[in-house]
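Chemist: quick one: sequence and predicted model below, then my questions.
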Amino acid sequence: MVDVAVLLSVGRHPVSGRARRAPTDARALELALSLPPGRRTALHAGSPDSPALRDYLGMGLAELTVLAMAEGRDPTDALLARLRALSPAPSILLTGNRAEGGEDSGMLPYSLAHALGWAIVPDVVALTLNDDGSAELVQALARGQRRALRVAMPFVVTIHPAAPAPRPSAFGPARRGRITVEAVDAPEDTALAACAVRPWRDRPKRLTVGAPGGGSGGALDRLRAATEAKAGQGRLLVGPTPDEAARAIYDCLQEQGMLPR
Amino acid sequence: MTARRRDPRAERAARVVPTGGPRLRLALTASDSAAPASGRPRRDPRARRADATVQTAPRLRLDWSGKALAAPATTSAAAVSPAVAGRGVRAVAEPVLRVIDAPACLVFAVLDRADGALSALDRQVMAAARLLADALDGAVVALAPDGPEDWGPEDWGALGADRVLPMPAAWAQEHAPEARAAAVGAAMARWSPVHVVFPESQDGGDVARRVAAVVGERLFAGVESLSAQCVARRAGGGSRELSCAPPRLLSIAADAVAPLGPLRHEARPLDPVAVACAPRLGAARRLPVDPDGVGLGEADFILSAGNGVTDWAAFADLGRALGATRAGSRVVCDAGHLPRDRQVGASGMVVSARSYLAFGIAGAPQHLQGIGGVGHVIAINTDLHAAMIKRADLAIIADAQAVMPALIRLMRERTHG
């Protein structure tokens, strides 16, 4: 029995721009639903009218609490107050590692963890609970690597896109689920309001070829890099015995750190 | 750049010679006195030709490639003015040591140095910090785990660091985000930098957010374009761009800033700050992963097969023994020996592995395109004149069917013995 709170946000489809479940938040809910049964509190800060909220309920969530606030407000204090008011206090706070559609800085879980005084583990893909009140977490790293960690409860976890895919949303549970709306008074996000906003335009990819210390060399260097095949260092063994060849390959791989020494 | 607009009236007025007589006199050579408007050094064709002259007797020989010039020029590189040097030569001089004794402010660059190596993103973070510091007459402080013994102040200076605040070398190997964040927070409290620049890598971004939460300031995460006046990042699910003046805490996305060229800075070490931190994340360890489950695009070590491989059982064994992700050329995937998502090349995946071990691949241009971003290539092929042999760092002219079992045997000996 472990009490879990899940923070859910509304995502944005990258092509159509329509509201959808935020991919990592949906994975966080999937992980929360796969934990042993306990109390699950789902929170959303924002508009209660978004159609994407029903998609979360359709995953098998009975109730979703919406802290109603206008766009451009800072939800940190409202969420913090709501989490502190939960009784008994949850032991795990799950959420996606990055929202879609807001500032998308990934700071909110860190601010909450710091204010609550809990540990935070980012980019988690799997979670198993131990009997002694701690949990084993698996973090996704670059290049498909995984790292295991142990942390004592309570803690905040953010979920990586490589976590197991969320179950699809079903129509019946989505209609039956309850959305409880609480109007909260959230302060305006002044730092965000001070930023200039304009539509995103892709920038040309930076070419870094040619010059020895990085930076781009001349146009000829860039043309060469784009058209010619790179030449290697060119160590050549002609007709060695298979064992010599194997030893050369082994030593070379060891030099590059691909094989343990 | 647009050309400067000429003003013929002003040019004419500049050529007028005051004589006092009734007739207007214009100086014919007055155009020399007008400096070239573009500010570009003027090219002297006679000097270029003299530079390119290798010999005059018995026949005149000219070398326009600049190689003949470069050889004697190395002795007096500083004396040769770049304005008169030939077109093909850039005066490559050792950068001058730059010392910033009394900086107006400090800019922190917090580097990852995962596994003790500096990544490309770490260099870009240094470049970003350099840019911000130069605009404010400040100094760059590099905060990173101390390197191995052979990593000295010269190496930090070559990166563009004026000061270095070394952290314990052990943090490069182990996962210690809380301790790193505490160290950065303590250093910020002591030196109060104007900007703190982080890499937006996985661990670097984690540390950046921890620091921002502790300091209670806003992090401008994942900067995509940076200048001294304005930083911009992507927000709103990738649909919007937020921009503002550079804030105190910012993290740099990969490939957003060009790395610096050759530099020499002082890299004066600062006294380390004492850090008290009780880590709550423990027992961190890497988990073994199934190499074939990793996507080709993000695989680090690829074992690839081409038309020269017929012993597929040995190829699979070798992949398992080496712990490498298996891949193949188009021919191999067409024949059904490997699934389509394992194809490397123009019509398959473009890979960026650190190491690429190719058995029986001749190296069609399309395949070489696919391995354009690979660090090291080892090729085993029977054809000495294959294009792959030219590309490889280690090329072995032998039959793949003979070498694969030998390599498996060697791997077993080394791992068990």
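Modeler: Perfect, I can see it now. This is a predicted model, so every value here is computed, not measured.

Chemist: shaky segments in chain A?
Modeler: A:206-218, A:225-233 (pLDDT under 70).

Chemist: setting aside sequence neighbours, what's the nearest residue to residue 119?
Modeler: All of this is about chain A. With Cβ to Cβ, 6 or more residues apart in numbering or on different chains as the criterion, residue A:119 has its nearest non-adjacent residue at 3.9 Å, and that residue is residue B:280. All C-beta spots, glycine's among them, are computed from the backbone N, C-alpha and C.

Chemist: wrong chain, I was asking about chain B
Modeler: residue B:112 (6.3 Å).

Chemist: need the contact list for that neighbour.
Modeler: B:119, B:121-122, B:144, B:199, B:201, B:203-204 (Cβ atoms under 8 Å, 6 or more residues apart in numbering or on different chains).

Chemist: try 6 Å this time
Modeler: Counting by Cβ atoms under 6 Å, 6 or more residues apart in numbering or on different chains, residue B:112 makes contact with B:122, B:199, B:201, B:203-204.

Chemist: top of these by neighbour count?
Modeler: Counting neighbours by other Cβ atoms under 10 Å in any protein chain shown, residue B:199 comes out on top of the contacts of residue B:112 with 28 neighbours.

Chemist: identify the bridge partners of it.
Modeler: Beta-bridge pairing for residue B:199 (DSSP bridges): residue B:252.

Chemist: look up how far residue A:149 lies from it.
Modeler: Using Cβ to Cβ, to the nearest Å, we find residue B:199 at a distance of 21 Å from residue A:149.

Chemist: before we move on, back to that, residues near the residue nearest to residue A:119, how many?
Modeler: Neighbours around residue B:280, by other Cβ under 10 Å: 15.

Chemist: for it, phi and psi?
Modeler: Main-chain torsions, residue B:280, degrees, to the nearest 10: phi -100, psi -20.

Chemist: that one against residue A:120, yeah?
Modeler: No: applying Cβ atoms under 6 Å, one finds residue B:280 not in contact with residue A:120, separated by 8.9 Å.

Chemist: give me the distance between the closest residue to residue B:121 other than its chain neighbours and chain A.
Modeler: Using Cβ to Cβ, 6+ apart and skipping residues adjacent in sequence, the residue nearest residue B:121 is residue B:199, 4.6 Å away. Residue B:199 sits at a distance of 12 Å from chain A (criterion: Cβ to the nearest Cβ, to the nearest Å).

Chemist: show me which residues of the stretch 151-300 of chain B sit near chain A.
Modeler: B:206, B:209, B:213, B:218-219, B:221, B:234-244, B:255, B:258-259, B:261-262, B:280-287, B:289, B:294, B:298, B:300 (Cβ under 6 Å from any Cβ of the partner chain).

Chemist: residue B:358 sits in which helix or strand?
Modeler: Using DSSP states H and E, the element containing residue B:358 is strand B:355-359.

Chemist: my bad, residue A:198
Modeler: Going by DSSP H and E, residue A:198 is in strand A:196-199.

Chemist: now do the helices in the stretch 151-261 of chain A.
Modeler: A:171-176, A:190-193, A:219-227, A:242-255 (DSSP state H, counting those that start in this stretch).

Chemist: residue nearest the centroid of chain A?
Modeler: residue A:97 (2.8 Å; Cα atoms, centre = their mean).

Chemist: isn't it right up against residue A:158?
Modeler: Yes: between residue A:97 and residue A:158 there is a contact at 4.0 Å, judged by Cβ under 6 Å.

Chemist: next, show the common contact partners of the two.
Modeler: residue A:122.
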